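Chemist: from the sequence below, what's the structure:
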Amino acid sequence: MPFTADVIASTLHAPLANVEKHWPLVKDALAALRVLDTPTAVAAIATIGAESYLFAPEREQGSDAYFRRMYEFKRALGNTEPGDGARYCGRGFIPVRGRAEYARFGKLVGADLVEDPEKALDPALAARILAYDFMLKEVPKAAAEGNWVKVHRLVRGDLSGWKRFNGILIPLLKLLPEQG
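Modeler: Below is the predicted model of the structure:
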């Protein structure tokens, strides 16, 4: 794989120290679930780069009023209690949102994310959450097919952020040897 920390950092314009610290965690998490291959690595790098300019787990930005408006009492997210909107806002390499996702991923990674949602910002847990999300949504299959729009839709649920994702994707794909 041609994706060294230097290459990733320069492609994403992200801090090299963050990539050096976090990329091995992401690779190890994907490998542990047996989904690490070159197309999946491309998908992971582009996804993280589209979500975080720092190549680090992040907390979604917004005020309590914003989180109430966007997430409070949204049954599809499992938010049923007052305060769930802000408490279960997006965190991680990919945004885990809503009480239900925090519970599901918490079980998968062996951490009580419902009780302590800030744990989703722990880089090792965030990497494992991304890996499980990719595996469960069959992102590696879409990546292997080169269906990058589908990859982005599977992770995001829609095409928001596509321009940034695609802007990262193209230079990453140019780093790969020609298939023939």
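Chemist: for the residue most central in space within the chain, which non-adjacent residue is spatially closest?
Modeler: Residue closest to the mean C-alpha point of the chain, counted by CA atoms, centre = their mean, is I94 at 2.5 Å. Take I94 and drop its neighbours on the chain: the residue closest to it by CB to CB, 6 or more residues apart in numbering is L130, 5.2 Å away. To be clear about C-beta, it is placed using only N, CA and C from the backbone, and glycine gets the same treatment.
Chemist: what do you get for L172?
Modeler: L172's closest residue in space is V42 (CB to CB, 6+ apart), at 5.0 Å.
Chemist: which of the three states applies to that neighbour?
Modeler: helix (DSSP: H, G, I helix; E, B strand; the rest coil).
Chemist: is it true that it touches A144?
Modeler: No. V42 is beyond contact range of A144, at 10.2 Å (criterion: CB atoms under 8 Å).
Chemist: contacts for the longest helix seen in the chain?
Modeler: In terms of residue count, the longest helix belonging to the chain (DSSP state H) is helix 16-32. The contact list for helix 16-32 (CB atoms under 8 Å, 6 or more residues apart in numbering) reads 3, 5-6, 8-9, 12, 36, 40-41, 44-45, 48, 54-57, 93, 123-124, 126-128, 130-131, 134.
Chemist: take those residues and keep only those in helices.
Modeler: Applying DSSP H to the contacts of helix 16-32, the entries found in helices are 5-6, 8-9, 12, 40-41, 44-45, 48, 123-124, 126-128, 130-131, 134.
Chemist: quick revisit: with neighbour numbers in mind, choose between V42 and A144.
Modeler: More crowded of V42 and A144, by other CB atoms under 10 Å: V42, with 22 against 15.
Chemist: list the contacts of that one.
Modeler: The neighbours of V42, taking CB under 8 Å, 6+ apart as the test, are 3, 143, 169, 172-173, 176.
Chemist: quick one, grab the pLDDT at the residue nearest to L172.
Modeler: The model reports V42 with a pLDDT of 97.
Chemist: low-confidence stretches in this structure?
Modeler: 1, 179-180 (pLDDT under 70).
Chemist: just how off-centre is stretch 161-179 within its chain?
Modeler: Mean-position distance between stretch 161-179 and its chain equals 17 Å (CA atoms, centre = their mean, to the nearest Å).
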